[in-house]
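K.L.:
what's the 3D shape of this:
(2 chains)
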Number of protein chains: 2
Amino acid sequence: MTSLRTRRLAVLASGRGSNFRALADAAARGELGGTIAVLASDHADSGAVALARERDIAIETPDPGRYRTRLDAGAERTWIARLAAHDVDTILLAGFMRILHEDFLAAFPGRVLNLHPSLLPAFPGTDSIRRALEHGVRVTGCTVHLVNAGIDEGPILAQAAVPVLDDDTLASLEDRVHAAEHALYPATVRRFLREPFTLEGRRVRWAGEGA
Amino acid sequence: MTSLRTRRLAVLASGRGSNFRALADAAARGELGGTIAVLASDHADSGAVALARERDIAIETPDPGRYRTRLDAGAERTWIARLAAHDVDTILLAGFMRILHEDFLAAFPGRVLNLHPSLLPAFPGTDSIRRALEHGVRVTGCTVHLVNAGIDEGPILAQAAVPVLDDDTLASLEDRVHAAEHALYPATVRRFLREPFTLEGRRVRWAGEGA
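P.N.:
Reported below is the predicted structural model:
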């Protein structure tokens, strides 16, 4: 099944961009179901920006404003305008470390996705992998969800389980979770772009590829 | 490796006893690492009691006292005495629907295990499978943990992941979680009885079978 038109995606990343790389690789193989039209970052010197430059993907680094963990209202308006100028309809957060507010979500209604390094609703917020390890869980994982006004609270599109091994360190568990993320996020984006779904309460009900 | 002596176990169950059955089957095959010396229940007419009778396992059904969701202090003393009379050193909760308090836990220090039908810390408390399904998670599971004074809070000994499928109903998901429980609980009891471990914070660090 082919989409009626090619979806144009924006990736928002703050850090080294390992999930952006997985998304860009999938797009380059024609497996993402859309085109990454722009990479936006709150850090002009981030690995994600360097990778976008390498891959010849447009880059936006608007001023994030005066806060450290969110975009202020004025900055949010600028970010919306700069993304909209690239004619994108879907926003993929990939290690973007700032909270988005209603204005941003309203500009891309139901089309902002996030990747979180735990099996939500367990371990929302920051530092999830370390907190899961210290809690002593034997299974953790990662989650792709729709972003709503809550923190790591939106309807869940997909999850993957990752075992915690007896001798895991934070580094070894991080590696395993990140590997799961790099597989789950592109596959889920592809499904999101191709397959309709409905919400039953907060449960995502996929309609099937033929729908 | 063989234990220095045969461990004597008590199973506490309130309901139909499907996990008690899995434990008794493993014991009968010599795979539990111990002997189920007694089945105790707060319901004399429960499936668990009927199964104990079938399997020729001793049965205790002490008065649970005046509350519905816990044992009152007097009842707890009676339960401790009745279990101690069977010379048991390890308590396995298997669908036991009452909260145990300090006196009970102090009588079997660090040797009360519980099985919970979710990947804790997600969905503690009652009705976990339905709540996980309605939350829209795509991965759930079950947890075997040490019981402490909190509810479903003690250090985690083992977990198993269970996928939630697109077309799952509550019944189909319950079946899959219960199947995972029936494998996980006996295997974890065996490991608990054979392999030393230490607690690092709340993380269980197994020492290895040879230790």
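K.L.:
what average pLDDT does stretch A:110-123 get?
P.N.:
For stretch A:110-123, mean pLDDT is 97.
K.L.:
pull that stretch out as PDB, backbone CA atoms only.
P.N.:
Provided in PDB are the C-alpha atoms of stretch A:110-123 (Å, rounded to 0.1, in the frame of the first residue of the first chain):
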ATOM      1  CA  GLY A 110      -2.500  14.400  16.800                       C
ATOM      2  CA  ARG A 111       0.700  14.300  14.700                       C
ATOM      3  CA  VAL A 112       3.400  14.800  17.300                       C
ATOM      4  CA  LEU A 113       5.200  11.500  18.200                       C
ATOM      5  CA  ASN A 114       7.700  10.900  21.000                       C
ATOM      6  CA  LEU A 115      10.000   8.100  21.900                       C
ATOM      7  CA  HIS A 116      10.600   7.300  25.600                       C
ATOM      8  CA  PRO A 117      13.200   4.900  27.000                       C
ATOM      9  CA  SER A 118      10.900   2.900  29.300                       C
ATOM     10  CA  LEU A 119       7.800   0.900  29.200                       C
ATOM     11  CA  LEU A 120       5.400   3.700  30.100                       C
ATOM     12  CA  PRO A 121       3.500   4.200  32.400                       C
ATOM     13  CA  ALA A 122       6.600   3.100  34.300                       C
ATOM     14  CA  PHE A 123       9.400   5.600  34.700                       C
END
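K.L.:
flag every buried residue along it.
P.N.:
By neighbour count with 16 or more other CB atoms under 10 Å in any protein chain shown, stretch A:110-123 contains the buried residues A:111-123. Every C-beta, even on glycine, is put in place using the N, C-alpha and C of the backbone.
K.L.:
which ones are touching residue A:65?
P.N.:
Taking CB atoms under 8 Å, 6 or more residues apart in numbering or on different chains, we find residue A:65 in contact with A:71-72, A:74-76.
K.L.:
which SS class is it?
P.N.:
With DSSP: H, G, I helix; E, B strand; the rest coil as the basis, residue A:65 sits in coil.
K.L.:
residue A:196 reaches residue A:207, doesn't it?
P.N.:
Yes. Between residue A:196 and residue A:207 there is a contact at 4.3 Å, judged by CB atoms under 8 Å.
K.L.:
check the contacts of residue A:65 and tell me the two furthest apart.
P.N.:
Using CB to CB, the two most remote members of those are A:71 and A:74, lying 8.7 Å apart.
K.L.:
give me the more crowded residue out of these two.
P.N.:
Neighbour totals were compared for residue A:71 and residue A:74, and residue A:71 leads with 25 against 11 (other CB atoms under 10 Å in any protein chain shown).
K.L.:
ok, back up a step: could you export the buried residues of stretch A:110-123 as CSV, including distance to residue B:38 and secondary structure?
P.N.:
Output for the buried residues of stretch A:110-123, formatted as CSV (distance: CB to CB, whole Å; DSSP: H, G, I helix; E, B strand; the rest coil):
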residue, distance to residue B:38, secondary structure
A:111, 58, coil
A:112, 56, strand
A:113, 53, strand
A:114, 50, strand
A:115, 49, strand
A:116, 45, strand
A:117, 44, coil
A:118, 40, coil
A:119, 37, coil
A:120, 41, coil
A:121, 38, coil
A:122, 35, coil
A:123, 38, coil
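K.L.:
residue boundaries of the helices in chain A?
P.N.:
For chain A, the helices defined by DSSP state H cover A:18-28, A:47-55, A:73-84, A:102-107, A:128-135, A:170-194.
K.L.:
of those, which is nearest chain B?
P.N.:
helix A:128-135 (5.8 Å; CB to the nearest CB).
K.L.:
quick one: that closest one to strand A:112-116, angle?
P.N.:
Taking axes from the mean of the first three to the mean of the last three CA atoms, to 10 degrees, one finds helix A:128-135 and strand A:112-116 inclined to each other by 40 degrees.
K.L.:
what about the closest residue to residue A:182 other than its chain neighbours, neighbour count?
P.N.:
Nearest non-adjacent residue to residue A:182, counting by CB to CB, 6 or more residues apart in numbering or on different chains: residue A:22, 3.8 Å away. By other CB under 10 Å, the residues close to residue A:22 number 22.
K.L.:
mind listing what residue A:22 touches?
P.N.:
Contacts for residue A:22 (CB under 8 Å, 6+ apart) come out as A:181-183, A:185-186.
K.L.:
so which of these is the most crowded?
P.N.:
Of those, with other CB under 10 Å as the count, residue A:185 tops at 27 neighbours.
K.L.:
let me know the distance separating residue A:57 from residue A:97.
P.N.:
Using CB to CB, to the nearest Å, residue A:57 is found at 20 Å from residue A:97.
K.L.:
neighbour count winner among the two?
P.N.:
Neighbour count, other CB under 10 Å: between residue A:57 and residue A:97, residue A:57 has more, with 19 against 16.
K.L.:
surely that one and residue A:24 touch.
P.N.:
Yes. Counting by CB under 8 Å, residue A:24 is a contact partner of residue A:57 at 6.9 Å.
K.L.:
intersection of neighbour lists for the two?
P.N.:
The contact sets of residue A:57 and residue A:24 overlap at residue A:36 (CB under 8 Å, 6+ apart).
K.L.:
sweet, I'm off.
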